[in-house]
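Enquirer: Give me a 3D structure for the following:
(one chain, ligands or ions: 1)
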Amino acid sequence: MMFMKWRHSAIMLLINACCFSSCQQQLKEEISMNEIIEQKVDSLLAQMTLEEKVGQMTQVRHFDDISDNDIASKFIGSVIHTQGPLPGKGAAEWQSKFIELQKQALSTRLAIPLLFGVDAVHGQNTYEGATIFPHNIGLGAAGNPDLVERTAAITAIEAQATGFTWVFSPCVAIPYNEKWGRVYEAFSESTELTTKLTKASIRGHQGELSERETVMATAKHFVGDGSTDFGVEGGNTSLSSEHVTQRLLPPYQAAVKEGVGSVMASFNTLDGKSMHAHKALITDTLKGSMGFDGIVVSDWKGYSRFGETGIINAGIDMVMAVDGDLEDYQSGLKEAVENGTVPQERIDDAVKRILRQKYRLGLFDHPFPDTTLIGKIGIEEHRAIARQAVRESLVLLKNDNSALPLKKKAKIVVVGEFADNSGFQSGGWTVNWQGSTESYKGATTILEGIKDLSEAEVIYDKDGSGNHEGAEAAVIVVGETPYAEFFGDIGGEMDLFQHTLTEAHQNLIESYRSKGLKVVVILISGRPLVTTEQIEQSDAFVAAWLPGSEGDGIAQVLFGDHDFKGKLPHSWPKSVEDYKGKYGPNFWDDSIEPLFPFGYGLSYR
Ligand code: GLC
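Expert: Here you go, the predicted model:
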């Protein structure tokens, strides 16, 4: 009772502190809304059995290891769609699949609706035909919060249109080392820029949360994912706590202030302690001093990888993708509560947070997807924003001999398979977890964009055989094939990627430099690469990152219809040595002289 009195008087104090009646009115409405939700949460919690509570803390995949009536019989709280069988062919089928699961959840005694979660990290990228934006590194290069807010709002619409109410985005890591396979998922090495864009992303995704066109966002991965020693996914971060506080926490503070609905725990360890079991940072800092009142969700299979009592006691509220371990997880957690290993209060805190977000999302009032949104997937209005994001993400690193802008009446040869493959230009987390090596529905390629704007002949030299037949300029598109997570670690266990361009791509540029054409190189990559030699060999060099579905946005800048606006979100290494030295195991090493500094970028003006 004391707490309720305290809360009430604090609220009255707040309202009286407001000077204008409108502000007072709005504040009163907001507070009363929150008050009403808290009362609903408390009263629903009071009716729940331990089984129902543990059920809410469980997330499963919609296709794997769950039998038809598990959703109801196990009181499941959330369903995730990820790599694997699609929920259906088109968005209407996706919606009906999730409606079927939701009806199961609503058939239970307390009819608590499900949350449907998806990795829509640069548009609703699991759905072919959706608008796919530049990955966050490109949005970091654009550095435009309004644009980030708009891309997030469109992502939310297209996620809702395919049946989702929760996206596991934005990644707010501060990548310390380009060897990490997830540099592109984050905005920048700059804490300040990342913080600014995080606020915009949460705002765009969530709006007021209860609208039908917004979703719950997730700030991830808490904390230190991008700052492991030597850039290893899930590796150890040995930064000091002061460093973590100064450089890694601000984006989370901003996300919490913007009302982010969930935070995802990270795979990495911090000074040898798994972040999934880091009670000091999850409970004392994030939930305590930072005041986060949403859901802390584990990362993939957090239960089987990190055990359950440790992570639940540390402050994890919902465990992701428990399928396969459903029985063990639920009976194990119930037992842990019954024998006191996990306090009842911890379970109640977790369930309150889950119920609170479900009420805030309005799920109890409208648990089913809005079919009218289906018509908004991939519409030109959305693609136009994506095209703007592509344009503003491009960073011009070199432009000698007026190589750019290209002349529309000049004959151009476009070189390389990357020029005509929207899968390559979109990177990981596109259609598939590891991305696509083919073009996909609704996307336009770089070559298509150039052909569309050119008023002269465009030759396509896909394999670099050199047939340029009197072209004045060569646009050579090179870069990294798609990857996601640890597959993209340089020197990681997969060892598929390197610090430089592939030999084949180096040869493409080499072969064109002695033909008397202007050589323009477009680099498609999820991170800065060591391209010192190739930049010397080119007349112009553009960092295009991973532009997504609207590849034609690149041509609009190459021909000068729009100027370059992008600035480097990461310093650009001059040599492979830079990678090793950029972040040693103990400190951020600013002694490295990069080829181009953070914030560098040329324009036509
Ligand atoms: C992955 C990623 C995380 C993603 C989750 C669900 O392992 O680390 O970013 O949201 O699993 O796919």
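
Enquirer: alpha carbons only for contacts and neighbour counts from here, please
Expert: OK.

Enquirer: didn't residue 527 look like it was pressed against residue 545?
Expert: Yes - counting by CA atoms under 8 Å, residue 527 touches residue 545, with 6.9 Å between them.

Enquirer: Touching both of those two, which residues are there?
Expert: Jointly contacting residue 527 and residue 545 under the rule CA atoms under 8 Å, 6 or more residues apart in numbering are 137, 184.

Enquirer: Leaving out chain neighbours, which residue sits closest to residue 237?
Expert: residue 228 (4.1 Å; CA to CA, 6 or more residues apart in numbering).

Enquirer: tally of neighbours for the residue of the stretch 51-200 of the chain found nearest the ligand?
Expert: For the stretch 51-200 of the chain, the residue closest to the ligand is residue 168, as judged by CA to the nearest ligand atom, at 5.0 Å. By other CA atoms under 10 Å, 22 other residues sit near residue 168.

Enquirer: Same question for residue 211.
Expert: Applying other CA under 10 Å, I find that residue 211 has 13 neighbouring residues.

Enquirer: go on, residue 561?
Expert: Here the count is done by other CA under 10 Å, and residue 561 has 11 residues near it.

Enquirer: same question, residue 495
Expert: Number of residues near residue 495 (other CA under 10 Å) recorded here: 12.

Enquirer: got the buried residues for stretch 265-281?
Expert: For stretch 265-281, a neighbour-count test (16 or more other CA atoms under 10 Å) marks 265-270, 274-279, 281 as buried.

Enquirer: and for stretch 485-500, what are the contacting residues?
Expert: Applying CA under 8 Å, 6+ apart, the external contacts of stretch 485-500 come out as 179, 180, 181, 182, 231, 232, 233, 480, 529, 530, 531, 576.

Enquirer: Which positions in it come out as buried?
Expert: Neighbour-count burial for stretch 485-500, counted by 16+ other CA under 10 Å, picks out 485, 486, 487, 488, 489, 490, 491, 492, 497, 498, 499, 500.

Enquirer: Next one: residue 322 from residue 78, what distance?
Expert: With distances taken as CA to CA, to the nearest Å, residue 322 is found 10 Å from residue 78.

Enquirer: quick one: common contacting residues for the two?
Expert: If you check residue 322 and residue 78 against CA under 8 Å, 6+ apart, the residues they both contact are 58, 59, 60.

Enquirer: where does the residue of the stretch 51-200 of the chain closest to the ligand land on pLDDT?
Expert: You'll see residue 168 listed with a pLDDT of 98.

Enquirer: Kindly report the same for residue 554.
Expert: Reported pLDDT for residue 554: 98.

Enquirer: right, and the secondary structure at it would be what?
Expert: helix (DSSP: H, G, I helix; E, B strand; the rest coil).

Enquirer: who's in contact with it?
Expert: With CA under 8 Å, 6+ apart, residue 554 has these contacts: 390, 391, 394, 446, 449, 544.

Enquirer: Touching, residue 566 and residue 390? I think so.
Expert: No - using CA under 8 Å, residue 566 makes no contact with residue 390, being 9.6 Å away.

Enquirer: Just to be sure, residue 30 is in a strand?
Expert: No - Residue 30: not assigned to a strand; according to three-state DSSP it is helix.

Enquirer: ok, residue 278 to the ligand distance?
Expert: The span separating residue 278 from the ligand equals 17 Å under the rule CA to the nearest ligand atom, to the nearest Å.

Enquirer: excluding its backbone neighbours, what's nearest that residue?
Expert: When the adjacent residues along the chain are set aside, residue 278 lies closest to residue 314, with 5.7 Å between them (CA to CA, 6+ apart).

Enquirer: again, but for residue 150
Expert: Using CA to CA, 6+ apart and skipping the chain neighbours, the partner closest in space to residue 150 is residue 204 (6.0 Å).

Enquirer: The buried residues of stretch 265-281 in helices, which ones?
Expert: Using DSSP state H, residue 279 are the members of those that sit in helices.

Enquirer: Would you reformat the buried residues of stretch 265-281 as a markdown table and include pLDDT?
Expert: As requested, the buried residues of stretch 265-281 are exported to a markdown table (pLDDT from 0 to 100):
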| residue | pLDDT |
| --- | --- |
| 265 | 98 |
| 266 | 98 |
| 267 | 96 |
| 268 | 96 |
| 269 | 96 |
| 270 | 95 |
| 274 | 95 |
| 275 | 97 |
| 276 | 97 |
| 277 | 96 |
| 278 | 97 |
| 279 | 97 |
| 281 | 98 |
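
Enquirer: Tell me which of the buried residues of stretch 265-281 fall in strands.
Expert: Per DSSP state E, strands hold the following members of those: 265, 269, 270, 274.

Enquirer: Of the residues you listed, which are in range of the ligand?
Expert: Counting by CA under 6 Å from any ligand atom, the subset of these that neighbours the ligand is empty.

Enquirer: and which of the residues you listed is nearest the ligand?
Expert: Distance to the ligand across these (CA to the nearest ligand atom) is lowest for residue 265, with 9.0 Å.

Enquirer: So which residues of the stretch 1-150 of the chain form strands?
Expert: Under the criterion DSSP state E, counting those that start in this stretch, strands of the stretch 1-150 of the chain are mapped to 59-61, 78-81, 115-118.

Enquirer: do the same with the stretch 351-500 of the chain
Expert: Secondary structure of the stretch 351-500 of the chain (DSSP E, counting those that start in this stretch): strands located at 395-399, 412-415, 458-461, 473-479.

Enquirer: ok, back up a step: now, which of the shared contacts of residue 322 and residue 78 sits nearest residue 90?
Expert: residue 60 (22.0 Å; CA to CA).

Enquirer: Give me the distance between the closest one and residue 162.
Expert: Relative to residue 162, residue 60 is positioned 18 Å away (CA to CA).

Enquirer: Do I have it right that residue 236 meets residue 271?
Expert: Yes - counting by CA under 8 Å, residue 236 touches residue 271, with 6.6 Å between them.

Enquirer: tell me the contacts of residue 367?
Expert: With contacts defined as CA under 8 Å, 6+ apart, residue 367 is in contact with 102, 113, 114.

Enquirer: Quick one: these as CSV, columns for distance to residue 260, pLDDT and neighbour count too.
Expert: Below are these laid out as CSV (distance: CA to CA, whole Å; pLDDT from 0 to 100; neighbours: other CA atoms under 10 Å):
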residue, distance to residue 260, pLDDT, neighbour count
102, 24, 97, 24
113, 20, 98, 29
114, 18, 98, 28
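
Enquirer: Reformat these as JSON lines; add distance to the ligand.
Expert: Below are the contacts of residue 367 laid out as JSON lines (distance: CA to the nearest ligand atom, whole Å):
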{"residue": "102", "distance to the ligand": "20"}
{"residue": "113", "distance to the ligand": "21"}
{"residue": "114", "distance to the ligand": "17"}
